[in-house]
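Participant: Next comes the sequence, and after it the predicted model I'd like to discuss.
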Amino acid sequence: MPRTTAELTALLDHRPELAAAPSQEVLERLLARPDLAVPVLLDLDADCHTVSQAVQAAGGETTRAELAATLRDPHGRLDDALGTLAAHGLIALDGDTVRSPHHPGLWAHPFGLGRPLREFTKKITAEALKAMVKALGGQPLGRKADLVTQAEELLRNGASVRATAARFPRQAAELLKTMTVGPPVLEQLYYGSSEHPVQRLVKAGFVIRDGWNYEMPQEVALALRGDGWQPALTGQPGVPAGPRTDADGVSAALAAIDRVEALVELAATTPIAELKSGGVGVRELKRVSKALGVPEQEAVLWLDVAYGADLLASESDEQLVSTTLVDDWLARSPDARWRALTDAWHGLPQAATYRVVGCCADHMEPMSPPYEFECGAGRIRRAVLDVLRTLSPGLGTDAAGLRAAVGWRTRALVDSAHAADEFVAAALREGELLGIMADGALTQLGRALLAEQGSGRKEADEAGPDGGGVGGLGRLFPIPSATATLQNDLTAIVSGLPTPDLAAFLNACADLESRDRASVWRFSEKTIRGALDSGTDADTLLADLARFSAKTVPQPLRYLVTDTARKHGTIKVAGTPSVIIASDPAVIAELCGARALRKLGLRQIAPTVALGGLPPDETLRLLRQSGHAPVAVSADGTIKAESARRRRLPVEALGQRNDAAAAAAAILQGGKSSTAGEALALAAVTGEVIVIVWQRREHYMEDLTITGNVVTGYCHDCDADHTLERTEVKKAYLL
């Protein structure tokens, strides 16, 4: 049906995957596909499921009044559920009329009921109908259509139907009870014996044979359930909650930013090895957790989050390396950096700290991070956040207290029964590490984040491209500090989060000791020597210290810089394998006689020159390990500046957040789509494989994405990713 720009914008806010549709015609076709609607429905609450089933049970079209008569709604939930279903494109509202775009529907058996008796008319003989009427206490009259009407009338007498059922033998009665509750079909079963319980139910007209299957008609189940049976809209179950401290979550959020920054820095300098089977193994995980100073379980969270945020990527399935998006992330405001991490966590399909599929006992083995896999943990996590949002500030609960309400909000709790409790606990644990929750309650940051997500991030849009601004999260995070307080004990203290320039400077000449509301860096001879090795000199370093210092540079720090600089470069290493030069002959003699340096194989060839047998890099490392401060020199005698080797794996820049209004306008202006454009849109939304004719060749492609007019995807024929304009594709078809 025609949609206004406002209606379409609201729909795409909830269904951003549909923004690739080139026209409203294709959009409506996508909305009518049950396979695309089922995942959306699974993210909605039990009342939405009940209303959706009621619409299908009514044949796919009904009215609000009929739904109100069908459903028990003591809390007035019907309008809310209809609005939610409509907002997600699962129903269409036209005045009082409610229509489903899905045929036959999203439910195999709504409310556990079978098809109405009239739908079996072609499959049941007149003799069978006569037997049904007799079994129900009636006198068969007329033709086949009359017999159906008679049977329907008799089935409306629930008391008589239940009285008849009460006379069945025990086995038939037990089978009848099972089929009454649902599912109403015994599939692919054949019972040859006339004494089998199902045959007894068939003879009585309570079950109809349909090929190899046996199905209980809808009217029979309704009669057996009782005259007062009605599906109910319940609303969210109550959550047992108690008082909690209203934490702001800022310390945990800053720590999360710091942990991920340390992780991507680690991956830039020493890439994280992957197993041949994929993912980070136990030994490498221990190294990562030690480098970050966190337990292994927490290290897995940061691996999953950083990978989900595209700050880490796999290089040839052999090692994880920082990506080219890291520098942009580091340059953002604190709240924007944190939001990127929480967005990645919110979208993870798995539980980072309990990485199992959890669908059954056979799928409870942990899987190596950071690769994603489908399970119910993501839906459970989002349900936990939705439940906590309903609690007043200062109230919280635990995993057990959340269970009933989470189960109402997502079917994943039942579908992932073997791991459901652990998935709830993982959501609380991970949310606390990110600063979203504390002690089973949302923090001030968590409430602001969820409010911002619910409002389409209006505050973020107003704040500017880096996300740091006047509203929402920007108010809760401290303003980044551009200066450090330098202490006599050779430490630098930064209140809150340092600016990127300050952090880069301190990381280059000091070691980070702790991160909390105030961060502490410590200077030492080793760290100053590292800064000098990178190419700076004492005067430049002292000038930078004065520039970033909130007060005068302390004398002990000045002495440390000047003393280290004085010794720096007294030994020079050049040439291949190695030529070692010192201004003092005694130093050369000391080096040649040192037992700790025997591996270098030093041989003195002049009072101030010695030859070594190892390459310059290894010679420098061993000399520094022994407490010396050598420098590398080039062939012309000038000192080589050494800088940390940081790798960045090239990846595509993250696209802008989906602009639903722009996508809606483009769809409405798209008119009737071409066959190629329609196929591209369908492949982008459904993930189906598509053949694209481009540059006079057929390309067998998958993982298709469409951003504006640009199409990207992996081509199996070329074994490469292709990026092309949508207008370049003249022919495309789905397999």
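Facilitator: Arrived safely, thanks for sending.
Participant: so how far is His722 from Cys715?
Facilitator: Cys715 sits 5 Å away from His722, going by CB to CB, to the nearest Å. (Glycine included, C-beta is placed from N, CA and C.)
Participant: Show me whatever sits in contact with both of the two.
Facilitator: 699, 701 (CB atoms under 8 Å, 6 or more residues apart in numbering).
Participant: what ranges do the strands span in the stretch 601-735 of the chain?
Facilitator: Taking DSSP state E, counting those that start in this stretch as the criterion, the stretch 601-735 of the chain contains strands spanning 603-606, 609-612, 630-632, 690-694, 697-707, 710-715, 720-725, 731-734.
Participant: got a markdown table for those, with mean neighbour count and mean pLDDT too?
Facilitator: A markdown table is the format used below for the strands of the stretch 601-735 of the chain (neighbours: other CB atoms under 10 Å; pLDDT from 0 to 100):
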| stretch | mean neighbour count | mean pLDDT |
| --- | --- | --- |
| strand 603-606 | 12 | 84 |
| strand 609-612 | 20 | 86 |
| strand 630-632 | 21 | 82 |
| strand 690-694 | 20 | 87 |
| strand 697-707 | 17 | 85 |
| strand 710-715 | 18 | 87 |
| strand 720-725 | 13 | 85 |
| strand 731-734 | 16 | 83 |
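Participant: which one of those lies closest to Ala412?
Facilitator: Closest approach to Ala412 among these is made by strand 697-707 (25.2 Å; CB to CB).
Participant: residues making contact with the closest one?
Facilitator: 20, 655, 680-681, 683-684, 687-693, 711-718, 722, 726.
Participant: Within the sheet, what are the partner strands of it, with directions?
Facilitator: strand 690-694 (antiparallel), strand 710-715 (antiparallel) (DSSP bridges).
Participant: Hey, what's the angle from it to strand 720-725? Just curious.
Facilitator: Calculated by axes from the mean of the first three to the mean of the last three CA atoms, to 10 degrees, strand 697-707 forms an angle of 70 degrees with strand 720-725.
Participant: could you dump strand 697-707 to CSV, C-alpha only?
Facilitator: The C-alpha coordinates for strand 697-707 follow below in CSV (Å, rounded to 0.1, in the frame of the first residue of the first chain):
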residue,chain,number,x,y,z
ARG,A,697,31.4,-11.0,-17.8
GLU,A,698,29.3,-12.9,-15.4
HIS,A,699,30.4,-12.6,-11.7
TYR,A,700,29.1,-15.1,-9.2
MET,A,701,28.9,-13.0,-6.1
GLU,A,702,27.7,-13.0,-2.5
ASP,A,703,28.0,-10.9,0.7
LEU,A,704,26.5,-8.1,-1.3
THR,A,705,26.1,-4.6,0.3
ILE,A,706,24.6,-1.5,-1.2
THR,A,707,25.5,2.0,0.1
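Participant: on that earlier part again, determine which of the strands of the stretch 601-735 of the chain approaches Gly59 most closely.
Facilitator: Comparing those by CB to CB, strand 731-734 comes nearest, at 30.4 Å.
Participant: Which residues does the closest one contact?
Facilitator: 675-676, 679-680, 682-683, 688-693.
Participant: check which helix or strand covers the closest residue to Ser160 other than its chain neighbours.
Facilitator: Of all residues not flanking Ser160 in the chain, Gly137 sits nearest, at 5.9 Å (CB to CB, 6 or more residues apart in numbering). Gly137 belongs to no helix or strand when elements are defined using DSSP states H and E.
Participant: just so I have it, where are all the helices in the stretch 201-350 of the chain?
Facilitator: 218-225, 250-269, 282-292, 296-308, 326-330, 334-347 (DSSP state H, counting those that start in this stretch).
Participant: Export these as CSV, with columns for distance to Ala92, mean neighbour count and mean pLDDT.
Facilitator: Formatted as CSV, the helices of the stretch 201-350 of the chain follow (distance: least, CB to CB, whole Å; neighbours: other CB atoms under 10 Å; pLDDT from 0 to 100):
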stretch, distance to Ala92, mean neighbour count, mean pLDDT
helix 218-225, 24, 22, 91
helix 250-269, 41, 21, 91
helix 282-292, 50, 15, 94
helix 296-308, 34, 23, 97
helix 326-330, 41, 18, 91
helix 334-347, 28, 22, 94
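Participant: Need those helices in TSV (columns: distance to Ile588).
Facilitator: Below are the helices of the stretch 201-350 of the chain laid out as TSV (distance: least, CB to CB, whole Å):
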stretch	distance to Ile588
helix 218-225	98
helix 250-269	33
helix 282-292	37
helix 296-308	46
helix 326-330	43
helix 334-347	50
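Participant: Would you tell me which of those gets closest to Ala543?
Facilitator: helix 326-330 (23.9 Å).
Participant: So what would you say the end-to-end distance of stretch 314-326 is?
Facilitator: End-to-end span of stretch 314-326 (CA to CA, to the nearest Å): 14 Å.
Participant: rewinding a little: quick one, which of the strands of the stretch 601-735 of the chain is nearest to Gly142?
Facilitator: Closest among the strands of the stretch 601-735 of the chain, once you apply CB to CB, is strand 731-734, at 50.5 Å.
Participant: Mind listing the strands the closest one pairs with, and their directions?
Facilitator: Counting by DSSP bridges, strand 731-734 is paired with strand 690-694 (antiparallel).
Participant: Could you export the strands paired with strand 697-707 to CSV, including columns for distance to Ser583?
Facilitator: Converted to CSV, the strands paired with strand 697-707 look like this (distance: least, CB to CB, whole Å):
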stretch, distance to Ser583
strand 690-694, 67
strand 710-715, 59
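Participant: For Thr483, which of those strands is the nearest?
Facilitator: Closest among the strands paired with strand 697-707, once you apply CB to CB, is strand 710-715, at 43.6 Å.
Participant: who touches the closest one?
Facilitator: For strand 710-715, using CB under 8 Å, 6+ apart, the contacting residues are 652, 680, 684, 690, 692, 699-705, 720-726, 729.
Participant: Then stretch 60-67?
Facilitator: Counting by CB under 8 Å, 6+ apart, 51, 54-55, 58, 70, 78, 82, 96-100, 102-105 sit against stretch 60-67.
Participant: What is the burial count for Trp212?
Facilitator: Residues lying near Trp212 (other CB atoms under 10 Å) number 10.
Participant: Give me the pLDDT value at it.
Facilitator: If you check Trp212, the pLDDT there is 81.
Participant: Roughly how far does it sit from Val185?
Facilitator: 11 Å.
Participant: Can you list the low-confidence ranges for the chain?
Facilitator: 1-2, 188-194, 455-472, 516-517, 576, 635-638, 641-645, 652-658, 671-674, 735 (pLDDT under 70).
Participant: mind redoing it with 50?
Facilitator: For the chain, the stretches flagged by pLDDT under 50 are 457-471, 654-657.
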